[in-house]
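A.B. asks: Give me a model of this one.
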Amino acid sequence: MDELPTSYPRDDQGTDAVRREEEALNDEVTRLIDELPTMVARREHEAGAHGGEVAEHIENETVLMDLDEIDDVTDEPVADAPAEPNPAEPVVEATVLRPLPEDIGRPVRDSSIGVRRTRDYDHDAQSTNLASSADNFDTIREEHNKRTSRKDPYARGARKGEAPGEGNSRSKLRPLLALFIIALVLGGGGAVLTYGMELWGGKTVPYVIGESQANAEIRVQEKGLDVVVEAEPADDAIGKVVRQEPESGVRIPEGDTVTLVVATNRTMPEVVGLSEEEARALLTEAGAANIETKTKASSKEEGTVIDVSPAAGEAFVSRGVVTLTVAAPYRVPDVIGKKESDAVEAIEAEGFKADVSYVKSDKTVRTVVETSPGAGETISEGGTVKVKVSSPYPESALYLAEYFDHSSQDVDAYLQKEGYGFGKGYVDTNGNAVTAYVSDNAGNITFSSTPYSHTVSFPGKSDTNVLSTGTPFVGVRLDFPAWQVPYGYEQSAIDELAKQCGFKGQGDICNNASMMLPAGTAATSATFVCASGRMDNLVWTILIVGNNGSVRASATCAKEGIYSLDDLNQFGGSVAQFVAYQEVYLSPEYQVKEEKKDESKDKDKDSKDKDKEKDKDSKSDEKEDKDSETTDNTDEKKDADSNA
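C.D. replies: Numbering: from 1, shown residues only. Have a look, this model is predicted:
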């Protein structure tokens, strides 16, 4: 390079132009140096979180530069420059990219700018990173200001003997030096930028938690990373990623594996055949947190799981109820006091058969009062349990008083079950049932408001089973079959029938001799005995009556309200006498008058029969006379013929 002239002719106009140009350049360099921290910060911001990781992939290469040594580029001695670096001058450190492995330790010299470099990868002795370069910006600015503040060689008062332009080569190179420093620093920022763009240094694991498995796999694979999917039973977010390894934001080499944990339905394990303890452990391991147990009679070993709900293989959630059914011996369940239907259901659910029978009891109708075998006892699978239930029906069709303890529907069902067929029925003006049930050999049963009447009239159309529809009744009458009627008209006969009907509490009794008849009552040809009694608010009666060798018996039971005081007063308050009067003395078949008429008719008939016989005899005699005459005439004719 040619040497610079040591002196120049004085030219004020040229000097001013050069000075202005130098000042403008110095101002521009000053501005650039002031903006360096902002520029580097922007680069680091663009790189995001990767800026901190760059330091792991960029080794520091220290360039020691004395600003005065720049004069070596000109190969011209400078009077003001010291021969060696001045320790007082600031040292500029810059960061460059990591070299290839084969270049490690190799000395390098860039002779074009006269800067010494040595690559050093001792991590304990690395030079400062980009942040340290930024920390030196203030020092660079100070040095620049110091050097650009030297006196103008063309200005008045310049050093004596200094030629115009002397030292100018140094000042002209200062802008180049500043630009070099900027490029050096921005080179580090470029590394951050390209690192953040993942052009080198591996790939950043994306955040895919909460995404579907398909979308998550695509996003990870787009990064050039491999995917491994692991299933994890869960209650929620089924089919979505719930965890990933490595975590998002981590930088890993391209081609490395990212593990995605995807939520799947919890599935019921197979526990049938296990012990209850084993089944609970397996269910807990599967995530079940709400396990319930119930027992069921089974031939399997006691304590063995025989069923599970939900069933094996079905999906469930940890907070849902899981029910284990465990085998237990066949034991009769405790059903005492339960309704008949509930008891039968419980017994059959345990694998038994229920044999229900009704018994008279003071317990609630249709509730279980006893079982055999008893509750808790063991029996074989499919065995029969006898269940006794408080009867909804009368104990017997003859127990008329018990009819009032049951509903009309139950009474109707019972009578038909016992072989009594519905005859006729209607509802009277008081809303009470009037109906009849008949049987072949068990007598007839009639419901009406006048059970003491031997006959009941039914209107034209009376085909409604009024009891089956729930129509109430106030009185019931039983006409015994002939084979049940006892012989005699004494108290013993009454006692026998009262026992059959379950009647208790007999009060009065009457017969023909003890009757108190109203005035004008016709005498009767019948013989009878009648008794009555009370059971709670019910009144019962028994009547045995006979006439001309024919005997019948009847029993009634009714609410006491059907007997008015007016009716009873004329019989001294006796229900027995009132019923006997209604049944015997008011019955046409038992009145004496009727019997006399019958005798007169018989006499007239006998007289007529005798007259007819007399007429017949007379006609017979006349016929005999005529026959005799005819014979005589014939004989005479024969004699005449003979004579001729």
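
A.B. asks: Show me the protein divided up by domain.
C.D. replies: Per automatic domain parsing, the domain ranges recorded for the chain read 12-196, 203-267, 276-328, 340-390, 400-592, 600-644.

A.B. asks: Need the distance between the two termini of the second one.
C.D. replies: Same thing as domain 203-267. Terminal residues of domain 203-267 lie 37 Å apart, using CA to CA, to the nearest Å.

A.B. asks: Repeat that for the longest one.
C.D. replies: According to CA to CA, domain 400-592 extends 33 Å from its N-terminal end residue to its C-terminal end residue.

A.B. asks: Quick one: the helices in the stretch 151-300 of the chain, in order.
C.D. replies: Using DSSP state H, counting those that start in this stretch, the helices of the stretch 151-300 of the chain run over 168-196, 213-222, 276-285.

A.B. asks: Can you pull out the residues in contact with the second one?
C.D. replies: Taking CB atoms under 8 Å, 6 or more residues apart in numbering as the criterion, the residues outside helix 213-222 that touch it are 205-206, 208, 211, 227, 229, 239-241, 244, 258, 260, 262. C-beta here means a position set from N, CA and C on the backbone, and glycine is covered the same way.

A.B. asks: Quickly note the distance from the spatially closest residue to residue 261 that is not a sequence neighbour to residue 217.
C.D. replies: Nearest non-adjacent residue to residue 261, counting by CB to CB, 6 or more residues apart in numbering: residue 243, 4.0 Å away. For residue 243, the distance to residue 217 equals 15 Å [CB to CB, to the nearest Å].

A.B. asks: quick one, which of these two is more surrounded?
C.D. replies: Neighbours were counted for residue 243 and for residue 217 using other CB atoms under 10 Å; residue 217 has more, 19 against 13.

A.B. asks: So which bits of stretch 362-376 are buried?
C.D. replies: By 16 or more other CB atoms under 10 Å, the buried positions in stretch 362-376 come out as 363, 365-371.

A.B. asks: again with stretch 565-579
C.D. replies: Neighbour counts over stretch 565-579 (16+ other CB under 10 Å) mark 571, 574-579 as buried.

A.B. asks: Just the CA coordinates for that stretch, please, in PDB.
C.D. replies: Output of stretch 565-579 as PDB, limited to C-alpha atoms (Å, rounded to 0.1, in the frame of the first residue of the first chain):
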ATOM      1  CA  LEU A 565    -135.700 -49.800  67.600                       C
ATOM      2  CA  ASP A 566    -139.300 -49.500  66.300                       C
ATOM      3  CA  ASP A 567    -139.100 -53.000  64.900                       C
ATOM      4  CA  LEU A 568    -137.600 -54.500  68.000                       C
ATOM      5  CA  ASN A 569    -139.700 -52.700  70.600                       C
ATOM      6  CA  GLN A 570    -142.800 -54.800  69.800                       C
ATOM      7  CA  PHE A 571    -140.800 -57.900  70.600                       C
ATOM      8  CA  GLY A 572    -139.300 -56.700  73.800                       C
ATOM      9  CA  GLY A 573    -136.100 -55.700  72.000                       C
ATOM     10  CA  SER A 574    -135.400 -59.300  71.000                       C
ATOM     11  CA  VAL A 575    -133.700 -59.700  67.600                       C
ATOM     12  CA  ALA A 576    -134.400 -63.400  67.800                       C
ATOM     13  CA  GLN A 577    -138.200 -62.900  68.100                       C
ATOM     14  CA  PHE A 578    -138.100 -60.300  65.400                       C
ATOM     15  CA  VAL A 579    -136.400 -62.600  62.900                       C
END
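
A.B. asks: Quick one: residues in contact with that stretch.
C.D. replies: 452, 507-510, 514-516, 518, 530-532, 539, 541, 543, 556, 563, 581.

A.B. asks: What of stretch 296-306?
C.D. replies: 271-276, 279, 307, 324-331, 349-352, 381.

A.B. asks: and what of stretch 510-529?
C.D. replies: Under the criterion CB under 8 Å, 6+ apart, residues 489-491, 493-494, 509, 530-531, 543-548, 570-572, 574, 576-577, 580-581, 583-585, 587, 590-593, 595 lie in contact with stretch 510-529.

A.B. asks: List buried residues within these.
C.D. replies: Among those, the ones that count as buried (16+ other CB under 10 Å) are 489, 493-494, 509, 530-531, 543-547, 571, 574, 576-577, 580-581, 583-585, 587, 590-591.

A.B. asks: Tell me which entries of those lie within helices.
C.D. replies: Among the buried ones among the contacts of stretch 510-529, the ones falling in helices (DSSP state H) are 493-494, 576-577, 580.

A.B. asks: Among these, which pair sits farthest apart?
C.D. replies: Greatest spatial distance among those (CB to CB): 493 and 577, at 17.8 Å.

A.B. asks: that older thread, out of the buried residues of stretch 565-579, flag the one nearest to residue 467.
C.D. replies: residue 579 (23.9 Å).

A.B. asks: Compute the distance between that closest one and residue 458, please.
C.D. replies: Separation of residue 579 from residue 458 (CB to CB): 22 Å.

A.B. asks: what does residue 424 give?
C.D. replies: Residue 424 is 5 Å from residue 458, where distance means CB to CB.

A.B. asks: And these two? Which one has more around it.
C.D. replies: Counted by other CB under 10 Å, residue 424 and residue 458 do not tie: residue 424 has more neighbours, with 19 against 14.

A.B. asks: The more buried one contacts residue 435, correct?
C.D. replies: Yes. If you go by CB atoms under 8 Å, residue 424 and residue 435 touch, sitting 6.6 Å apart.

A.B. asks: Most neighbours among the contacts of helix 213-222, please name it.
C.D. replies: residue 258 (26 neighbours).

A.B. asks: residues touching that residue, list them.
C.D. replies: Shown in contact with residue 258 (CB under 8 Å, 6+ apart): 205, 220, 225-228, 244-246, 252.

A.B. asks: Now tell me which helix or strand of the protein has the poorest mean pLDDT.
C.D. replies: strand 115-118 (a mean of 37; mean pLDDT, DSSP states H and E).
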